[in-house]
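1. Give the three-dimensional model of this entry:
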Amino acid sequence: TLTPSGNHIAVIRGWGGLFLTVILSNIIFLFFHFLSIVNSDKKNSNKALIFMINFH
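-> Numbers count the residues shown, from 1 in each chain. Have a look, this model is predicted:
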């Protein structure tokens, strides 16, 4: 059985995992959205690639 403090840590870890999952899904969505913008405008693809490299 978990002690009250151990249970509390497990709850925090669960919420942290949920938070990270939401952030990661948003980052992936934005990344693919960005790729679609790049694909629709080929002449700016090099600028976009440089932007992505500098952004990270």
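2. For the rest of this, base every contact and every neighbour count on C-alpha atoms.
-> Will do.
3. what comes up buried for the helix or strand hosting Asn39?
-> Using DSSP states H and E, Asn39 maps to helix 4-40. In terms of neighbour count (16 or more other C-alpha atoms under 10 Å), helix 4-40 has its buried residues at Val38.
4. Rounded mean pLDDT for it, please.
-> Mean per-residue pLDDT for helix 4-40: 80.
5. Please name every helix or strand in contact with that helix.
-> Contacts defined by 3 or more C-alpha pairs under 8 Å, 6 or more residues apart in numbering; DSSP states H and E place helix 4-40 against helix 45-55.
6. Quick check: the gap between Ile28 and Ile12.
-> Ile28 sits 24 Å away from Ile12, taking C-alpha to C-alpha, to the nearest Å as the criterion.
7. Kindly apply the preceding question to Ser40 instead.
-> 42 Å.
8. now do Ile53
-> 34 Å.
9. likewise Phe51?
-> 36 Å.
10. what's the answer for Ile27, then?
-> 22 Å.
11. Also Thr21?
-> 14 Å.
12. Check Val38 too.
-> Going from Val38 to Ile12 by C-alpha to C-alpha gives 39 Å.
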